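Undergrad: sequence and predicted structure below; questions after.
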Amino acid sequence: MVGRRTILGGFLAAAATPYAGLRAEENFFAGKTITYIVATKPGGGYDTMGRLVAKYLETHIPDCRIVVKNIPGAGHMVGCQAIYSAKPDGLTIGTFNTSLIYNQLTGALDSDLDLRKMSWVGKAAIESRVIMVSAKSDIIRAEDLVSKERVFKVAATAKGSASHVDAMLLARTFGYNFRSIFGFEGTEAELSLLRGETDVVVGSRSSLESFVASGEGRFLIEFGGAPGSDLRQGDTLAKSPQDRAVLDLIEAQARYARLTAGPPDIPPERLQTLRNAYMAALRDPDLLAEAKSLHLPIAPASGEAVLERIKLALTPSSEIRAIIEDILK
Amino acid sequence: MPINTSIESLLAVLTSPHMLLLLLIGVCIGLVFGILPGLGGKLGLIFLIPFTIGMDPLAGALFLLAMHSVVHTSGAIPSILFGIPGTGPDAATIVDGYPMARNGEAGRALGATLLASGIGGLVGAVFLSLFLPFGSALVLAIGSGEYFLLAVLGITFIASLSGRDIVRGLIVGLFGLMLSFVRLDPLTAEPRYTYGQAFLWDGIDPVTAVIGIFAIPELIAMASQREDRNTHGTPFARYHFREIWEGCLDVLRYRWLTLRTSIIGAVIGLIPGLGGDVATWFCYGHAAQTSKTPERFGHGAVEGVIAPEAANNSKEGGALVPTLYFGIPGSGGMAILLGALVTLGIQPGPQLAVQGSGLVWVLVWTLAIANILAVVLLLLCAPWFSLLAGLRVGLLVPLIIVLSLLGAVISAGAWQNLLLLALLGVIGYLFKRYDWPRPPFIVGIVLGPIAEISHHKAMAIWGPAFLLRPLAICLLILIAAAIISNIFRFWRKGVAP
């Protein structure tokens, strides 16, 4: 007959199993090296944030080393591919652009790559999207983009890029007469505004902030801005559920920026260890102080929340999907 | 800017032991990062930025710029001695620098490269100081259409780089242009001729191309000299300071070429998006184009070393103009430097030219002093590099192979690049063996993508009317002059007895 002590012991052991599992997985990382892939060249926002996250993640996983590896190329696709195809042992994770969601929606990603299957560790920031014009432009408010009856040239990277898709989604929704000019990488877009080659840039606020601060650009409206933002928010433009759905798609990507993920099928306990360490790192006062000195806004969320958002973004309504497919035709 | 601000800034640097020490350390680190293939200025900046956190903004900016501005001065050394470029912009120096070393003129090539780099750096500093108030107008005047025509002008240099046989040169150049289309389509981001290989999505890496086309064939040639395996086998003979001095005098002999290519380099540096590879290959092409004996190029012409090296260092001064004036970096290195400056509390923008003139002058003087310091240090060390001439082939070939492979893997960040390196090595070997000119291939690879994307942008923005813009007309005249002079040159050769 089984004694009460034995049963109680069994219960305690069962209750402690997940914890024990986590401890074991924490031990798994002891003495090992995690490779943190950044899908851009050294320098720039992704690299700076990636190195910051890696540095503090290391301090929150005992006795583990993290090395940063830059794998740039093809608008983050090469780095994302490298993370996706890595061995799912938890020793390879990394960061890439959220806008790859558009690439998957439109089939521009490798057919084997499914962002929904990735092991999401967390996200570090809100990267609100903005419409920006030159400070010398006669466009003062977002409404002027409708009332001025002319074509506005948008500086965009390529067909599947967020700079193009976001601009065209907004054009379809709010009646802006936008025409994308492709081939503007990074700061070339700002330069094209100054030269008068293009009229509008749609991009992340943080990357355009210094251009506006230098007095050369003007933000018209912001999408997915932090509460209390000093800019007018895109919500004020939405008049129908369809408008709202489009804004949701754009804002979802804004609110889930600077992601960290690993390949599919990292063992759950190991992934949980990474997620816990990630959240602890992003709340570390030293990281927050360093991020402030680097002008990097921090707004973390867990891997579970990121996964939910990614799944939602990748299953848009048939109307939104049709619009995106039409934009990218 | 008032002269007294300039002098005050110079004195602030020269009278501060702290600043001088930082400058010296920055220069030394820059030289080390330059000489090791695959590292370069960007990684150097990333390495140094953590040390600048909490530093005084002036001191931090001086430290980083001192390091970054001299990377290419030492980058020419492996190019000349071993035929391996330190970074992309050092690659053009190989074309004539390495044959000079093979012809027993390594000291002369090093002397020429060091002084040309130093003068280029000084011209870049002068350019920065003169053009900071006016540079914005030039940056804004050069749009997508002008980018396209600049690339076409560079492509016309293929004729001058073709040596004795223009048909072969054109074929090789067009082959390079054709391979430059292997990448993601810049408009649709769809893979183009990449056959499922993600490492080709960003195109063929120019450093890999140069190593494959120039270094690998030389390695094959060296390794095949079996009888010399245990004796002297370096591609260069020992040299003395006298030969280095001779190279320095070459720079003075070709002073107008040095000055012209320094200015061209600074102007190309000023245009965001063109980059160091374009500056050096464009100036190399210009040197061949304006030479009375272009057939010497590729076989050890000292002008082929002077031109890219002067441009390599002068472009840094030009690149600082849009970085400081608009907060728009012209290159990856400048993007990192810009981020570091912002972290140090320096806000780039037009107001910097007015309110921050003291800082700008410190940067100008940093460029100038760092370049002089780098030349002096390397001139002192140059005779020591001669000791490497004592290495045996059996030791040297593996060393060069490792450096080549490292250069190819680090610059492109993918091991698969080694397969591409092997393929290009075979092509380069065939070019060498059958005496086909190799530089046009690299010109095609470097300028092809810029020509393609800027042509698309110009047509989408302006339509064919972009050809009627004032600067575009000037460039069209230059292109026509280049083509006519080439036709005339080959016609004259044809009729000459």
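TA: Thanks, I have the structure now.

Undergrad: state the mean pLDDT of the helix or strand hosting B:L447.
TA: Using DSSP states H and E, B:L447 sits within helix B:439-461. Averaging pLDDT along helix B:439-461 yields 90.

Undergrad: tell me the helices and strands packed up against it.
TA: Packing partners of helix B:439-461 (3 or more CB pairs under 8 Å, 6 or more residues apart in numbering or on different chains; DSSP states H and E): strand A:178-181, helix B:144-156, helix B:166-179, helix B:206-210, helix B:275-290. The way it works is simple: take the backbone N, C-alpha and C, and place the C-beta from them, glycine included.

Undergrad: ok, of these, where does mean pLDDT dip lowest?
TA: Lowest mean pLDDT of the helices and strands packed on helix B:439-461: helix B:206-210, a mean of 83.

Undergrad: now do that helix: which elements does it pack against?
TA: Using 3+ CB pairs under 8 Å, 6+ apart: helix B:206-210 touches helix B:393-412, helix B:417-433, helix B:439-461.

Undergrad: out of the ones you listed, the one nearest A:E143 is which?
TA: helix B:439-461 (25.5 Å; CB to CB).

Undergrad: quick one: that closest one to helix B:144-156, angle?
TA: Using axes from the mean of the first three to the mean of the last three CA atoms, to 10 degrees, one finds that helix B:439-461 and helix B:144-156 are set 160 degrees apart in direction.

Undergrad: what packs against the helix or strand following helix B:439-461?
TA: Remark: after helix B:439-461, the chain's next helix or strand is helix B:470-495, criterion DSSP H and E. Other helices and strands packing on helix B:470-495, by 3+ CB pairs under 8 Å, 6+ apart, are helix B:144-156, helix B:275-290.

Undergrad: so which bits of helix B:470-495 are buried?
TA: B:472, B:475, B:479, B:482, B:486, B:489 (16 or more other CB atoms under 10 Å in any protein chain shown).

Undergrad: how many other residues sit next to the closest residue to the fifth one other than its chain neighbours?
TA: Counting by CB to CB, 6 or more residues apart in numbering or on different chains, B:A159 is the residue found nearest to B:N486 once chain neighbours are left out, at 4.1 Å. Counted with other CB atoms under 10 Å in any protein chain shown, residues neighbouring B:A159 total 23.

Undergrad: chain A: which of the buried residues of helix B:470-495 is nearest?
TA: Each of those was scored against chain A by CB to the nearest CB, and B:A472 proved nearest at 13.4 Å.

Undergrad: contacting residues for the closest one?
TA: B:145-146, B:149, B:466 (CB atoms under 8 Å, 6 or more residues apart in numbering or on different chains).

Undergrad: any idea what the one residue sitting closest to the centre of chain A is bridged to?
TA: Most central in chain A under CA atoms, centre = their mean is A:A257, positioned 2.6 Å from the mean C-alpha point. Counting by DSSP bridges, A:A257 forms beta bridges with A:A125.

Undergrad: OK, contacts around residue 212?
TA: Defaulting to chain A. Per CB under 8 Å, 6+ apart, neighbours of A:V212: A:132, A:135, A:218-219.

Undergrad: wrong one, chain B
TA: Taking CB under 8 Å, 6+ apart, one finds B:408, B:420-425, B:427-428 in contact with B:G212.

Undergrad: wait, is it part of a helix?
TA: Yes. Counting by DSSP: H, G, I helix; E, B strand; the rest coil, B:G212 falls inside a helix.

Undergrad: how close does the closest residue to it other than its chain neighbours get to A:A125?
TA: Distances taken as CB to CB, 6+ apart put B:L424 closest to B:G212, at 2.7 Å, once the chain neighbours are dropped. Distance, B:L424 to A:A125, using CB to CB, to the nearest Å: 41 Å.

Undergrad: just send the contacts of B:A472 back as JSON lines, with distance to B:A451 and neighbour count too.
TA: As requested, the contacts of B:A472 are exported to JSON lines (distance: CB to CB, whole Å; neighbours: other CB atoms under 10 Å in any protein chain shown):
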{"residue": "B:G145", "distance to B:A451": "12", "neighbour count": "25"}
{"residue": "B:E146", "distance to B:A451": "12", "neighbour count": "20"}
{"residue": "B:L149", "distance to B:A451": "9", "neighbour count": "26"}
{"residue": "B:F466", "distance to B:A451": "14", "neighbour count": "21"}
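
Undergrad: could these be laid out in CSV, adding distance to chain A?
TA: Formatted as CSV, the contacts of B:A472 follow (distance: CB to the nearest CB, whole Å):
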residue, distance to chain A
B:G145, 9
B:E146, 10
B:L149, 15
B:F466, 10
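
Undergrad: which residues touch the residue nearest to B:P57 when sequence neighbours are not counted?
TA: Closest residue in space to B:P57, ignoring its immediate chain neighbours: B:L344 at 4.3 Å, by CB to CB, 6+ apart. With contact taken as CB under 8 Å, 6+ apart, B:L344 is in contact with B:52, B:55, B:57, B:60-61.

Undergrad: those residues in helices, which ones?
TA: In this view, these that belong to helices under DSSP state H are B:52, B:57, B:60-61.

Undergrad: dump the helix or strand containing A:W120 to CSV, restricted to CA.
TA: Assigned by DSSP H and E, A:W120 falls within strand A:119-125. Extracted in CSV, the C-alpha atoms of strand A:119-125 (Å, rounded to 0.1, in the frame of the first residue of the first chain):
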residue,chain,number,x,y,z
SER,A,119,10.6,30.2,-31.5
TRP,A,120,9.9,33.8,-30.4
VAL,A,121,12.0,35.0,-27.5
GLY,A,122,10.6,38.5,-27.2
LYS,A,123,10.5,42.0,-28.6
ALA,A,124,12.4,45.1,-27.3
ALA,A,125,10.7,48.2,-28.6
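
Undergrad: quick one: distance of whichever helix or strand comes after that strand to the chain centre.
TA: Using DSSP H and E, the helix or strand that follows strand A:119-125 towards the C-terminus is strand A:129-134. Relative to the chain's own centre, strand A:129-134 is displaced by 19 Å; criterion: CA atoms, centre = their mean, to the nearest Å.

Undergrad: got it, and stretch A:148-155?
TA: Centre-to-centre, stretch A:148-155 and its host chain are 28 Å apart (CA atoms, centre = their mean).

Undergrad: can you give me the buried ones in it?
TA: Buried, per 16+ other CB under 10 Å, within stretch A:148-155: A:152-155.

Undergrad: that stretch vs chain B: in contact?
TA: Yes. Stretch A:148-155 lies within reach of chain B by CB under 8 Å from any CB of the partner chain, at A:K153.

Undergrad: contacts for that stretch next, please.
TA: Against stretch A:148-155 from outside (CB under 8 Å, 6+ apart): A:138-139, A:145, A:163-164, A:167, A:176-181, A:184, A:188-189, A:192-193, A:197-202, B:461.
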